[in-house]
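*Asks:* here is the input, now give the coordinates:
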Amino acid sequence: MIKYFFPREPLSSNHNFEGDKLSLDEARKMWLQILKQEMGLVALLDEDENQFQIVGANITGISHKSDKHDIKMKGEWEKINKIINTITSEGNLFERYGVDSYLSAMGLSVHPEFHGLGLGLKLLECREKVCKHFNLKMTATVFTAASSQHIAKKCGFHTIVEHEYRTYAIDGEILYPNLNGKISLMAKVYT
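*Replies:* A predicted model of the protein is given here:
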């Protein structure tokens, strides 16, 4: 995730995470915390009898209504965390869908050598099986890149909240005046 996600993800690349050890450490800690739920999705390449290469990943976990979002993070990562939490709050997902929990994610990435093969779409499609296994009615994520928003729509996600980067402000401050594109909270309900 560090090697391929950050350079291509709009917010992380805008904050130059590659040169920010503090933010990289915070992101690692957050991902490890989510992965402790043992719900992360990976695409594997079977290279040999007993060897596999991870070629794609979606860091998924369950968000609960009772979760506290007041955890302070360090470095530039705190800014991104605040944006994700603010946009997710705008969506009122628990009230909107009448749920106490849903499958969320913080990072979808495919190894560059495997772009164009539909692995990102397959990873998003796998969320349905996870939701059914854990009796979750829905999944939702803040998608930050046009490519992930495109495959989410293709997979049946719909947009709940969307902001243009150039005009999006928190506490009166426009955060990304020079960044093209949109940031979108998107959800999919399973029946």
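*Asks:* so how far is the helix or strand of the chain with the lowest mean pLDDT off the chain centroid?
*Replies:* Lowest mean confidence among the helices and strands of the chain (mean pLDDT, DSSP states H and E): helix 5-8, at a mean of 74. Put simply, helix 5-8 sits 12 Å off its chain's centre (CA atoms, centre = their mean, to the nearest Å).
*Asks:* in the next helix-or-strand element following it, what counts as buried?
*Replies:* Counting by DSSP states H and E, the next helix or strand C-terminal to helix 5-8 is helix 10-14. Neighbour counts over helix 10-14 (16 or more other CB atoms under 10 Å) mark 10-12, 14 as buried. Glycine gets a C-beta too; all of them are placed from N, C-alpha and C.
*Asks:* just checking, what packs against helix 10-14?
*Replies:* Packing contacts for helix 10-14, counted by 3 or more CB pairs under 8 Å, 6 or more residues apart in numbering; DSSP states H and E, involve helix 5-8, helix 77-90.
*Asks:* let's see 10 Å
*Replies:* Applying 3 or more CB pairs under 10 Å, 6 or more residues apart in numbering; DSSP states H and E, we find helix 10-14 packed against helix 5-8, helix 21-35, helix 77-90, strand 182-189.
*Asks:* and the angle for the second one with helix 77-90?
*Replies:* In this case it means helix 21-35. 40 degrees (axes from the mean of the first three to the mean of the last three CA atoms, to 10 degrees).
*Asks:* what average pLDDT does helix 21-35 get?
*Replies:* Across helix 21-35, the average pLDDT comes to 82.
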